[in-house]
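Undergrad: okay, here's the prediction I keep looking at, along with the sequence it came from:
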Amino acid sequence: MKITRFKTTLIDVPLAKPIATAIHQMKSVSCVLLELETDQGLVGESYVFTLDAVWLKALHEMLLGLAHQVEGRDPHFVAQIWNDIWAMMNPIGHKGFSIAALSAIDTACWDLNGKSAGLPLHKLFGACRDRVKTYASGGLWLSQSIGSLVEEAAEFVDSGFRSVKIRLGKVNMQDDIDRVRAVSEAIGPDIELLADANQSLNPKQAIRLGRELEAFNLGWFEEPVLYHNLEGCAEVRAALDTPIAAGETEYTRYGMREILDAAAVDVLMPDLQRIGGLSEMRRVAALASGYDIPISTHIFTEHSLSIAGSEANCISVEHMPWFAPLFNESMEISEGMISIPDRVGTGFSFDQAAIKKFQI
């Protein structure tokens, strides 16, 4: 099997309404879709994204710059392709858009390999489960009122979630406490509540807020401080009983190793786009297991399910509905668990009508 065409498409998917975290203002998710066509008629698919179409063209150019490393090659040699691209990146570095482009190529190659083998990727990798815990992450934003938070949390529970995530980062710490209290009381003790500060606090602020929130038995306190302040994150972790989760903003196994060596997290959160694709995500899961640290994948829900279904220390996936309109298939959620699809490859295929609708 040979890759005969490297096809990219730019799209912009509007969110239902503008949303905000402590560090983001978002109105759309803008993607570069990648389709690797082969001489056997199979097509491998993946995507990478930016917010509000910012830097979308730059991300696209980075991906196009790697096309020559893929065209004419057998996708079964995915490890060789990955290593060749990694070596090529040395002059520009192994973070940022270069890794995002590598991630798209690697994931599309794996999608092809699953389709070629007639297997879903979690079974090709070696399956360990067919369902995994998930949590509702597509709501409870910092921009919402307390009344809106309570109403939406109830909607999440009614739709089958048993874990939900609220964003923190108000200027007045008491506002964060009041918001967590309201949602916690609304969902009750049987539903897990997670909190994400989106790097908005310094270590002393995070410890102070974290201690106030321990009364609500949070499942975790996510990104309490700036992502590169590993010493500060470790300080917060040591001071609190609540588990600390972080890692979504770092790159590759080398960034993950620094987090683990700093004893900065209880849960490591690799992001498929920043980590380097499914190949590197598998390496990171193995690395974390050597530290007895679980992982929970960040965004990219559909394409991360193959990791959740094949890595025993993957305890959950983030359910983010932003990209659902791109696919023909839907994610299945019941009693707080999301099913690992038994379809070939990643188990998800682009909806060409949707692509035409959202194409830039």
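TA: Yep, that arrived. Residues are numbered from 1 along each chain as shown.
Undergrad: can you tell me the element Leu36 falls in?
TA: strand 25-38 (DSSP states H and E).
Undergrad: outside of the next helix-or-strand element following that strand, which residues touch it?
TA: The first helix or strand that comes after strand 25-38 along the chain, using DSSP H and E, is strand 43-51. Contacts of strand 43-51 with the rest of the structure, by C-beta atoms under 8 Å, 6 or more residues apart in numbering, involve 24, 26, 28-38, 56, 59, 63, 75, 100-101, 103-105, 107-113, 115, 273, 303, 323, 326, 345-346, 348-350. Quick note: C-beta positions are derived from backbone N, CA and C, even for glycine.
Undergrad: one step back: buried ones in the strand holding Leu36?
TA: For strand 25-38, burial by neighbour count (16 or more other C-beta atoms under 10 Å) applies to Met26, Ser28, Val29, Ser30, Cys31, Val32, Leu33, Leu34, Glu35, Leu36, Glu37, Thr38.
Undergrad: farthest-apart pair in the residues you listed, please.
TA: Using C-beta to C-beta, the buried residues of strand 25-38 span at most 35.3 Å, a distance reached by Met26 and Thr38.
Undergrad: the helices in the stretch 251-360 of the chain, which residues?
TA: Taking DSSP state H, counting those that start in this stretch as the criterion, the stretch 251-360 of the chain contains helices spanning 252-261, 272-275, 277-289, 301-308, 352-358.
Undergrad: which parts of the first one are buried?
TA: For helix 252-261, the buried set under the neighbour-count rule, 16+ other C-beta under 10 Å, comprises Thr252, Arg253, Gly255, Met256, Arg257, Ile259, Leu260.
Undergrad: which one of those is nearest Asn172?
TA: The closest of the buried residues of helix 252-261 to Asn172 turns out to be Ile259 (C-beta to C-beta; 30.0 Å).
Undergrad: residues contacting that closest one?
TA: Ile259 touches Leu230, Cys233, Ala246, Gly247, Glu250, Val265, Leu268, counting by C-beta under 8 Å, 6+ apart.
Undergrad: try 10 Å
TA: 227-228, 230, 233-234, 246-247, 250, 265, 268-270, 288, 291, 293 (C-beta atoms under 10 Å, 6 or more residues apart in numbering).
Undergrad: try Ser98
TA: Counting by C-beta under 10 Å, 6+ apart, Ser98 touches 62-63, 65-66, 85-86, 88-92, 251, 276.
Undergrad: follow-up on the earlier one: any chance of the helices of the stretch 251-360 of the chain in a markdown table, plus mean pLDDT?
TA: Shown next, in a markdown table, are those (pLDDT from 0 to 100):
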| stretch | mean pLDDT |
| --- | --- |
| helix 252-261 | 98 |
| helix 272-275 | 98 |
| helix 277-289 | 98 |
| helix 301-308 | 98 |
| helix 352-358 | 97 |
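Undergrad: closest to Leu15 out of the ones you listed?
TA: Ranking the helices of the stretch 251-360 of the chain by proximity to Leu15 (C-beta to C-beta) places helix 352-358 first, at 12.2 Å.
Undergrad: give the buried residues for that closest one.
TA: Applying a neighbour-count criterion of 16+ other C-beta under 10 Å, one finds Ala354, Ile355, Phe358 buried in helix 352-358.
Undergrad: and stretch 206-224, by the same measure?
TA: Within stretch 206-224, the residues that count as buried by 16+ other C-beta under 10 Å are 206-207, 209-210, 213, 216, 218-224.
Undergrad: endpoints of stretch 161-170, how far apart?
TA: End-to-end distance of stretch 161-170: 26 Å, with C-alpha to C-alpha, to the nearest Å as the criterion.
Undergrad: actually stretch 51-59, not the one I typed
TA: Length of stretch 51-59, first residue to last, C-alpha to C-alpha: 12 Å.
Undergrad: wait, Arg179 touches Ser143, no?
TA: No. Shown here, Arg179 and Ser143 do not form a contact pair, counting by C-beta atoms under 10 Å, at 11.6 Å.
Undergrad: circling back: chain center to the strand holding Leu36, what's the gap?
TA: 14 Å (C-alpha atoms, centre = their mean, to the nearest Å).
Undergrad: pairing partners for that strand, with directions?
TA: strand 3-20 (antiparallel), strand 43-51 (antiparallel) (DSSP bridges).
Undergrad: returning to what we had before: for the buried residues of strand 25-38, which one is nearest Asp196?
TA: Among the buried residues of strand 25-38, and counting by C-beta to C-beta, the member closest to Asp196 is Met26, at 14.2 Å.
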